[in-house]
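Trainee: Take a look and give me a structure for this.
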Amino acid sequence: MSPTFRSLANPNYRRYAVGAVVSNTGTWMQRVAQDWLVLQLAVNGGTAVGITTGLQFLPALLLSPFAGVVADRFPKRQLLQVTQVLMAVPALVLGVLAVTGVAEVWHVYVLALLFGVGTAFDAPARQSFVSEIVSADDLTNAVGLNSASFNAARIVGPALAGVLIGVLGGGAQATGWVILVNAVTYLAPVLALRRMDPATLAHVDPIGRTPGMVREGVRYVRGRPDLMLVLMIVFVVGTFGLNFQMTSALMATDVFHKGATEYGLLGTFMAVGSLSGALLAARRPVVRLRLVVGAAVVFGATEVVAGLLPSYAVFALWMPALGLSALTMITAANTLMQVSTAPALRGRVMALYLMIFMGGTPVGAPVVGWVGETFGARWTLVGGGLMTLVGVGLAVAWFLTRPEGRSRVLTPVGAAGSLGPRVWDNQAVARAQK
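Mentor: Below is the predicted model of the structure:
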């Protein structure tokens, strides 16, 4: 089998991957359909869409630390089956309300919030469960394939939703049928999880309930300078760099004077680059801290260049480079966080990672928007790229002040027998448990 797809030789991972691609496609279909439904129902559609998106992502910011504790306390295979149901039920209810013609905007708000609660508990369990399915040798490959699955669904899902909504009449009822399709897709991961062979999964004993479990996870990360460096970089990139939905829209409309179709194509071009980055990551046998740092620097520079490009055509052709560099950094950071973390704390660590990765957006998006209004749309990219470069530089400077910094930045992570910061890990576990 090709090195790019070697994790698929594992029957459990193969089942998991099939369920994930079906569910991811349905999720992207619902995102398009839900936004379209809100636009059909609300007077101020743009504001209502923003509120819906905020409500859907709010639980991830508020509940991630507790979701990480749940992921460490309960068997992840069973927990993930529960979270799939928690996401399927709001989708089912919203779909029925839309199809029957009784949906109102407040229905969408409430159900988006409930859907977000399910997502908040699903994400850390799903992220950390991958390391129980595949060996340490294949974890980098599996994380890369997960990203490839997500980005393939990102390309197919919105297009499929658009076609179905158009064929079914284009109104609120049409969106309801698409949302119902998403509700059904959650059966795929549930069936995949149930059909796995538990005997071939890496057995990680769930931990008992003890006081201060969230603080224990935070202390563990604080005791690991390598993980702190990754989190700093992820925060900076996520806060100032990964605002593509806003920056691309401003560039398409304000700078190049294009319409919705051309704006949509920019997302497709970027998704192609993201998919390529994910597949390249799947071929990478090991991950180093310097890969996370280097990819973040390349991404920042690529974003600066994007803000200076002279025409829509050149800008669109540059989008795959942005997607490629962003996915390389994100996948490397995700893999490093998983493979070098103590199994008993992996759920809490990944929850912190996801919270920091997503938590910067509410801070950065208004800043980037103000920059666009004040200095022009090009500065949303130029400024974001420069802030990314400065932030990464400061994070590396902090890391190199640590006694272990200069040697550990070159340590490979991900290959069997070379998990790298094992001494740090033992010390961090001891500090976390005090």
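Trainee: distance of the residue nearest to residue 255 when sequence neighbours are not counted from residue 389?
Mentor: What sits nearest to residue 255 in space, not counting adjacent residues and going by CB to CB, 6 or more residues apart in numbering, is residue 377, at 5.0 Å. Placement of C-beta: from N, CA and C, glycine included. Using CB to CB, to the nearest Å, residue 377 is found at 20 Å from residue 389.
Trainee: Would you mind confirming that residue 248 is in contact with residue 269?
Mentor: No - using CB atoms under 8 Å, residue 248 is not in contact with residue 269; the gap is 9.6 Å.
Trainee: more neighbours, the two?
Mentor: Under the criterion of other CB atoms under 10 Å, the comparison of residue 248 against residue 269 puts residue 248 first, with 26 against 19.
Trainee: List the contacts of that one.
Mentor: Residues near residue 248 by CB atoms under 8 Å, 6 or more residues apart in numbering: 263, 266-267, 270, 319.
Trainee: any chance of those in TSV, plus pLDDT and neighbour count?
Mentor: Below are those laid out as TSV (pLDDT from 0 to 100; neighbours: other CB atoms under 10 Å):
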residue	pLDDT	neighbour count
263	71	17
266	83	24
267	76	19
270	86	24
319	92	23
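Trainee: Among these, which ones are in strands?
Mentor: Among the contacts of residue 248, no residue falls in strands (DSSP state E).
Trainee: CSV for those residues, including distance to residue 304?
Mentor: As requested, the contacts of residue 248 are exported to CSV (distance: CB to CB, whole Å):
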residue, distance to residue 304
263, 21
266, 17
267, 20
270, 16
319, 15
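Trainee: Pick the one among the residues you listed closest to residue 110.
Mentor: Nearest to residue 110 out of those is residue 267 (CB to CB; 28.1 Å).
Trainee: Just the element for the closest residue to that closest one other than its chain neighbours, please.
Mentor: Closest residue to residue 267 apart from its sequence neighbours, by CB to CB, 6+ apart: residue 248 at 6.8 Å. Using DSSP states H and E, residue 248 maps to helix 244-250.
Trainee: which secondary structure elements does the helix or strand containing residue 352 contact?
Mentor: Taking DSSP H and E as the criterion, residue 352 maps to helix 346-359. Packing partners of helix 346-359 (3 or more CB pairs under 8 Å, 6 or more residues apart in numbering; DSSP states H and E): helix 45-73, helix 105-133, helix 213-222, helix 225-236, helix 312-339.
Trainee: chain center to the fourth one, what's the gap?
Mentor: Computed by CA atoms, centre = their mean, to the nearest Å, the separation of helix 225-236 from the middle of its chain amounts to 16 Å.
Trainee: ok and it relative to helix 213-222, angle-wise?
Mentor: 100 degrees (axes from the mean of the first three to the mean of the last three CA atoms, to 10 degrees).
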